[in-house]
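K.L.:
The following comprises the amino acid sequence and a computationally predicted model.
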Amino acid sequence: TANGRSLTVNGNIAKEATAGFYAEYPDQNTLLNGTNEATVSGNFNGSTDNRFNNLVVSKNTTFAGPVDVRKYLTLENNSVVFTSQTNLLRLTNASYGLGTISAGSYVEGPLSINKTNGTSQDFPVGRNGRKKITSFLSVNHGAGENYWTAEYYNTNLGSGYYGASNFDAPITNVSLSEYWVLKGPVGATATLRFTLTGTSDVAAALGNANLSKLRVVRWNPSTSKWEIVGSNVSITGTVTNGTVTTTSSVTFDGTNQYFTLASVQLIVAPTAHITSTNANICEGSSYNLTIELTGNAPWTISYTDGT
């Protein structure tokens, strides 16, 4: 398409392997518009005649092939972009990067951004309706292209990662509710910042008054242990609206590495036990339930009659 023109696509985009996609004009825009979810298939990466210039996504879109964006990626209308390690989304020009990102928009899967030495970057990643802005601050690396990649999971890594032998003091508890996959250039360093949005089980168990007991930990495959990285943390806000930032930089090795949050204060797992006796309840009548709770307050109890 010509310089300064926009290509609006209301459906899917499919490109054959031998086809090119020339969109390198300085102000050329591609808009993924419409109401139905879309799929972008084919390779849109690598050479200058095979990638997007400015890409604007305004609906949920799955990338079924690798996608490079030369200038700006803009996410509108709370759209979600789905990527994978194979079908990677890269922002290739360190002088540009992210455009406007709407409040509910994020990338579900890995997002990779080329960064200039000494700069910082928020990554709008998330999964299953949970947006988790993840930040590399004051990146330090060598010359040339230097990609930083972030991906978020709202689950745990499964068995073999959370036993008593998988961490040492002063770590007492490791999050079972979420983790991140982060990647930086070999030998590069950055300070890390994670958002608190109510998804962290360890943060919720500690409560607002004890968030300073959180730590950022990384899985060490050589020792099969979670280890504290970035020294201590600085905290802003609350369990449901805050941030956790390492107080020193973290060194990367050029591979995908697992990170999560942990506590250095023992957390007692909460329990709930109904101590009142069994009773038959007729429609329109009521009965007082007595529930014994353990763990750290506050607790929330939800009731349903099954209908």
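P.N.:
Okay, I see it. Numbers count the residues shown, from 1 in each chain.
K.L.:
Could you list the low-pLDDT ranges of the protein?
P.N.:
1-4, 24-25, 48, 269, 296-297, 305-307 (pLDDT under 70).
K.L.:
got a list of contacts for the lengthiest strand in it?
P.N.:
As assigned by DSSP state E, the longest strand anywhere in the chain is strand 130-140. By CB atoms under 8 Å, 6 or more residues apart in numbering, the residues outside strand 130-140 that reach it are 104-106, 115, 117-126, 146, 148, 150, 152, 154, 178, 180, 182, 184, 188-195, 197, 199, 245, 249. In this view, the C-beta of every residue, glycine as well, is placed from N, C-alpha and C.
K.L.:
Ok, stretch 43-56 next?
P.N.:
For stretch 43-56, contacts defined as CB under 8 Å, 6+ apart pick out 15, 17, 20-32, 65-74, 76, 88, 90, 92, 99.
K.L.:
Now do the next helix or strand after the longest strand of the chain against strand 130-140: the angle between them, please.
P.N.:
Moving toward the C-terminus from strand 130-140, the next helix or strand (DSSP states H and E) is strand 147-153. Comparing the axes of strand 147-153 and strand 130-140 via axes from the mean of the first three to the mean of the last three CA atoms, to 10 degrees yields an angle of 150 degrees.
K.L.:
With just CA atoms, put strand 147-153 into PDB.
P.N.:
The C-alpha coordinates for strand 147-153 follow below in PDB (Å, rounded to 0.1, in the frame of the first residue of the first chain):
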ATOM      1  CA  TYR A 147      14.900  -8.300  22.300                       C
ATOM      2  CA  TRP A 148      13.100  -8.600  25.700                       C
ATOM      3  CA  THR A 149      10.200 -11.000  25.900                       C
ATOM      4  CA  ALA A 150       7.400 -11.400  28.500                       C
ATOM      5  CA  GLU A 151       4.600 -13.900  28.900                       C
ATOM      6  CA  TYR A 152       2.100 -14.400  31.700                       C
ATOM      7  CA  TYR A 153       0.300 -17.500  33.000                       C
END
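K.L.:
Give me the sheet partners of it and which way each runs.
P.N.:
strand 111-114 (antiparallel), strand 179-183 (antiparallel) (DSSP bridges).
K.L.:
buried ones in that strand?
P.N.:
Neighbour-count burial for strand 147-153, counted by 16 or more other CB atoms under 10 Å, picks out 147-153.
K.L.:
List of residues touching that strand?
P.N.:
Contact with strand 147-153 is made by 88, 90, 109-115, 121, 123, 125-127, 130, 132, 134, 136, 139, 178-185, 188, 190, 256, as judged by CB under 8 Å, 6+ apart.
K.L.:
Show me the contacts of stretch 43-56 that map onto helices.
P.N.:
Among these, no member falls in helices (criterion: DSSP state H).
K.L.:
Give me the buried entries from the residues you listed.
P.N.:
Applying 16+ other CB under 10 Å to those flags 21, 23-24, 28-32, 65-74, 76, 88, 90, 92, 99 as buried.
K.L.:
so of these, which ones are in strands?
P.N.:
Per DSSP E, the subset of the buried ones among the contacts of stretch 43-56 in strands is 29-32, 67-69, 72-74, 90, 99.
K.L.:
can you tell me which of the residues you listed lies nearest to Pro221?
P.N.:
The shortest gap between Pro221 and any of those belongs to Arg90, at 25.4 Å (CB to CB).
K.L.:
Check the contact between that closest one and Val69; I expect there is one.
P.N.:
Yes: if you go by CB atoms under 8 Å, Arg90 and Val69 touch, sitting 7.2 Å apart.
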